[in-house]
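1. Have a look at this fold, sequence not included:
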């Protein structure tokens, strides 16, 4: 067993490994697999932010072509840009942090209560889905006061601007056969 772990450590490149990048809180399921796939297909950040690769497209056709190819090519990088903007929004809004703490605290209390016994309200057993809906209902005023709606739209708008600008102005990689295509005159 120890020899296998040593082999894994030797096989991993220097720096952060997948086990340190993916928190232990994410259960091993569809979410973790999706995040691991995204991380595995991420393009090098050096080429992603290389300033020499940015230029203005010549025409609308090239702009559309760049948008499609860059979104396809840098899809995983864009997911992490989106997650970074969400993190920035949450960290810079203390009231939103409080609202999230209330929501996750209520979910955790309900989780602990269901470990002890079934949750019964007014003589009826409450399903886990209804319990989490109750936690959302309890924390809704906090989200409303924190301006969670505006935060959501800020994140979506900032994501569209950042990703759209990058995809539009970043030159695409040359694809085999592209040189053979002729532009209509």
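-> Received it, and whenever you're ready, just let me know what you need. Bear in mind the structure is a predicted one, so any value in this text is a computation, not a measurement.

2. so where's this protein shaky on pLDDT?
-> 1-28, 174-183, 185 (pLDDT under 70).

3. can you pull out the strands in it?
-> Taking DSSP state E as the test, the strands found in the chain are 120-121, 124-125.

4. ok, residue 134 - contacts?
-> 106, 110, 126 (C-beta atoms under 8 Å, 6 or more residues apart in numbering). In this view, the C-beta of every residue, glycine as well, is placed from N, C-alpha and C.

5. Which members of the residues you listed are positioned in helices?
-> 106, 110 (DSSP state H).

6. Dump the contacts of residue 134 into TSV; add distance to residue 157 as well.
-> TSV is the format used below for the contacts of residue 134 (distance: C-beta to C-beta, whole Å):
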residue	distance to residue 157
106	29
110	34
126	38
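
7. one step back: reformat the strands of the chain as JSON lines; add distance to residue 100.
-> Listed next are those as JSON lines, based on distance: least, C-beta to C-beta, whole Å:
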{"stretch": "strand 120-121", "distance to residue 100": "24"}
{"stretch": "strand 124-125", "distance to residue 100": "28"}
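
8. Of all those strands, which one is nearest residue 150?
-> strand 120-121 (33.1 Å; C-beta to C-beta).

9. got the contact list for the closest one?
-> residue 126.

10. how about TSV for the strands of the chain, with mean neighbour count and distance to residue 65 added?
-> Putting those into TSV (neighbours: other C-beta atoms under 10 Å; distance: least, C-beta to C-beta, whole Å) gives the following:
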stretch	mean neighbour count	distance to residue 65
strand 120-121	10	57
strand 124-125	9	57
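
11. Relative to residue 141, which of the contacts of residue 134 is nearest.
-> Among these, and counting by C-beta to C-beta, the member closest to residue 141 is residue 106, at 12.2 Å.

12. Tell me the spacing between the closest one and residue 124.
-> 20 Å (C-beta to C-beta, to the nearest Å).

13. Could you do residue 131 as well?
-> In terms of C-beta to C-beta, residue 131 sits 12 Å off from residue 124.

14. Please convert the contacts of residue 134 to a markdown table, extending it with distance to residue 31 and neighbour count.
-> Shown next, in a markdown table, are those (distance: C-beta to C-beta, whole Å; neighbours: other C-beta atoms under 10 Å):
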| residue | distance to residue 31 | neighbour count |
| --- | --- | --- |
| 106 | 21 | 19 |
| 110 | 20 | 18 |
| 126 | 25 | 16 |
